[in-house]
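**Q** Here's a sequence, model it:
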Amino acid sequence: MVHKGEFYMGSGLLQPLTVIGLPLDQINFLVCQLLALFLGYYFRTIWSPKQIDVVYRHALELVMGFILTFFCFGYQVIHVVLMGWLCYALFLHAPRDKFHGMVFIFSMGYLCVMHLYRQYYDYGGYSLDITGPLMILVQKVTSIAFAVHDGTQKKDEDLNSDQKIMKIEKIPSVLEYFSYVFSFHNIMVGPLVFYNDYIKFIEGRDGSYESQEKTPTEPQPESAVKEKLLTAAICGVVMVTAPVFFPIRYMADDEFLYQTNWLYRNLYVLVCVSLVRGKYYCAWKLGEAVNNSAGLGFNGYDTKGQARWDLLNNVKIYELEVSDSLKVNIDCWNITTLVWLRRVIYDRVPQKYGTVATFMVSAIWHGFYPGYYICFTGAALCTVAARLMRRNVRPHFLNSPEKKRLYDAGTFFFTRFTNVYLASNHCLLEFVPCLILLWSLFFWIHLCAIGVIVYFTYLHPKKKTPKTEKIQ
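**A** As a prediction, the model looks like this:
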């Protein structure tokens, strides 16, 4: 079974605070995020583009981001600098028709080496290390690379509407580039902000510093920040208490696997893995609050004239928990990463390979624990099956409200269990425990998905319509 490792290089200054029960890496992370939250207020007010030159805002982002990263991860910050510089060199010197692909291959390769290094020296460890910021960095440099390629090497008629909006027509300066790489409010855990949105924020062109017709004063993020901090605090409590009552390791215990019945095992996995999401909700909502505090995340006004601070929202908790569709479930989770995968993978490979390629890149980006690949290959399989069900079965339930409610209840049930069934592999990580758990569950989700695909693809195929269906 995966054990807790010791693999942390950050500052030991706060070691005395470990008496509260949290490990040093989590204390350092939390302190850095709270400090970024505090600094964000001054960055939005005293250091706003109305008060200081844009160059100084870039410099502040770079310096504060570097200091926080160094405090939290120690000398490992050199990997962010090194990967950033080498990718920037490819921007400048690689062949113009290939540099975007070279940046993607190099950055993903560098991240893969770091994942393998961590797994070798800290197999199964849960302490924080630089691979977290490097995962965000890969998203940043690859999204810039493809956007610059779109803006400098392609004609507008060859771009889709999203690519036209996100294209970058010149390579960023060194200061702009590393300001984006080290931006202090999202270097730790994101969420990912795309370069064009970041530059608009730095220069004050995102609307958050401009007078609006409906709202005569600048939109203030305080209410959004408070709401997200409260959500993060609640999820933090769930994160700390859930393992006491529903430990993940119990899913690999012989008593659970061989002395309980199938229904109990499914229900335990449902509750246990659902509660595991609390730590992701906590980290992402805290990250959203930190970005909003700095003034990043403004997304215009709603129909009532209320400011929206959801540009960087990385998870829609309520929508995810009540979703009755696997697509909605996926779309509400790690949203900015999903958009990144769509922009650099799904929209750029042949459509028939889009789903598989996207899930495989996502698995590699996460690392090399076997559980990731079992999870994401299963997700690809279930996504295909869900599409076929929606296309072939759903129309038969739309002719009455009662049938529609019955269909929605069924898809809600399967969505809930598919989510935790697949994510259990993401929790256990190791190959044998994952397979043993799935065997104890009789592979029922896999078998259902395969049955749906075989039936609607080979036994009872539906004629294709001219309209092409796309889902993220």
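
**Q** CA atoms for contacts and neighbours, from now on please.
**A** Fine.

**Q** Which secondary structure state does Pro191 sit in?
**A** Per DSSP: H, G, I helix; E, B strand; the rest coil, the secondary structure class of Pro191 is coil.

**Q** thought it was touching Asn314?
**A** Yes: shown here, Pro191 and Asn314 form a contact pair, counting by Cα atoms under 8 Å, at 6.2 Å.

**Q** On the pLDDT front, check the residue nearest the centre of the chain for me.
**A** Centroid check for the chain by Cα atoms, centre = their mean gives Asn334 as the closest residue, at 3.3 Å. According to the prediction, Asn334 has pLDDT 95.

**Q** Run a quick neighbour tally on the residue lying closest to Tyr110 once chain neighbours are set aside.
**A** Leaving aside its chain neighbours, Tyr110 sits nearest to Met83 (7.3 Å; criterion: Cα to Cα, 6 or more residues apart in numbering). By other Cα atoms under 10 Å, the residues close to Met83 number 20.

**Q** ok, and the closest non-adjacent residue to Val225?
**A** Ala289 (4.7 Å).

**Q** quick check: mean pLDDT across the strand or helix carrying that neighbour?
**A** If you go by DSSP states H and E, Ala289 is part of helix 262-293. Per-residue pLDDT over helix 262-293 has a mean of 97.

**Q** Show me which positions of it end up buried.
**A** For helix 262-293, the neighbour count (16 or more other Cα atoms under 10 Å) marks 265-266, 268-270, 272-293 as buried.

**Q** Wait, a helix at Arg342?
**A** Yes: assigned with three-state DSSP, Arg342 falls within a helix.

**Q** any idea of the pLDDT on it?
**A** At Arg342, pLDDT is 96.

**Q** what number of residues lie near the spatially closest residue to Cys272 that is not a sequence neighbour?
**A** The shortest distance from Cys272 to any non-neighbouring residue, by Cα to Cα, 6+ apart, is to Phe246 (5.4 Å). As a burial measure, Phe246 scores 17 neighbours (other Cα under 10 Å).

**Q** ok, Phe246 - contacts?
**A** Residues near Phe246 by Cα atoms under 8 Å, 6 or more residues apart in numbering: 268, 271-272.

**Q** re earlier: the helix holding Ala289: what's the following helix or strand?
**A** By DSSP H and E, the next helix or strand past helix 262-293 is helix 317-322.

**Q** Show me what that next one is in contact with.
**A** 281, 328-330, 332-333, 412.

**Q** now swap in stretch 371-387 and tell me
**A** Contacts of stretch 371-387 (Cα under 8 Å, 6+ apart): 326-327, 355-356, 359-360, 362-363, 366, 422-431, 434, 446, 449-450, 452-453.

**Q** are any of those buried, and which?
**A** For the contacts of stretch 371-387, buried by 16+ other Cα under 10 Å: 326-327, 355-356, 359-360, 362-363, 366, 422-430, 434, 446, 449, 452-453.

**Q** Find the residue ranges of this structure scoring beneath the pLDDT cut-off.
**A** 1-7, 209-217, 463-472 (pLDDT under 70).

**Q** Skipping adjacent residues, who's closest to Gly74 in space?
**A** Distance criterion Cα to Cα, 6+ apart; nearest residue to Gly74, sequence neighbours excluded, is Gly10 at 4.4 Å.

**Q** What of Ile234?
**A** That would be Cys282: by Cα to Cα, 6+ apart, it lies 7.8 Å from Ile234.

**Q** ok, the one you found touching Leu230?
**A** No: the pair Cys282 / Leu230 is not scored as a contact, 9.5 Å apart, by Cα under 8 Å.

**Q** Would you list the phi and psi of the residue nearest to Cys272?
**A** Phe246 adopts backbone torsions of phi -130, psi 70, taken as degrees, to the nearest 10.

**Q** Check Leu128 too.
**A** phi -70, psi 150.

**Q** Give me the distance between it and Val189.
**A** Remark: distance between Leu128 and Val189 (Cα to Cα, to the nearest Å) = 11 Å.

**Q** Domains in this structure, by residue range?
**A** Annotated domains of the chain cover 22-203, 222-459 [automatic domain parsing].

**Q** Just put the ones you listed in CSV and tack on distance to Pro16.
**A** Listed next are the domains of the chain as CSV, based on distance: least, Cα to Cα, whole Å:
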stretch, distance to Pro16
domain 22-203, 9
domain 222-459, 20
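
**Q** can you tell me which of these comes nearest to Leu14?
**A** domain 22-203 (7.1 Å; Cα to Cα).

**Q** Distance from that closest one to the middle of the chain?
**A** 14 Å (Cα atoms, centre = their mean, to the nearest Å).

**Q** Run a quick neighbour tally on Thr152.
**A** Around Thr152 there are 16 residues (other Cα under 10 Å).

**Q** so who does it touch?
**A** 168-170.

**Q** try 6 Å this time
**A** Contacts for Thr152 (Cα atoms under 6 Å, 6 or more residues apart in numbering) come out as Glu169.

**Q** What's the first helix or strand after the helix or strand where it lies?
**A** Using DSSP H and E, Thr152 maps to helix 131-153. Following helix 131-153 in sequence order, the next helix or strand is helix 161-166 (DSSP H and E).

**Q** residues of the following helix or strand past that next one that come out buried?
**A** Next helix or strand after helix 161-166 toward the C-terminus (DSSP H and E): helix 174-182. Residues 176-182 are the ones in helix 174-182 that count as buried (16+ other Cα under 10 Å).

**Q** Now do Tyr56: how many residues are near it, please.
**A** Neighbours of Tyr56 under the rule other Cα under 10 Å: 14.

**Q** elements contacting the one helix or strand it maps to?
**A** Assigned by DSSP H and E, Tyr56 belongs to helix 54-73. Counting contacts by 3 or more Cα pairs under 6 Å, 6 or more residues apart in numbering; DSSP states H and E, helix 54-73 packs against helix 174-182.

**Q** Next, the angle from the helix it packs on to helix 54-73.
**A** 40 degrees (axes from the mean of the first three to the mean of the last three Cα atoms, to 10 degrees).
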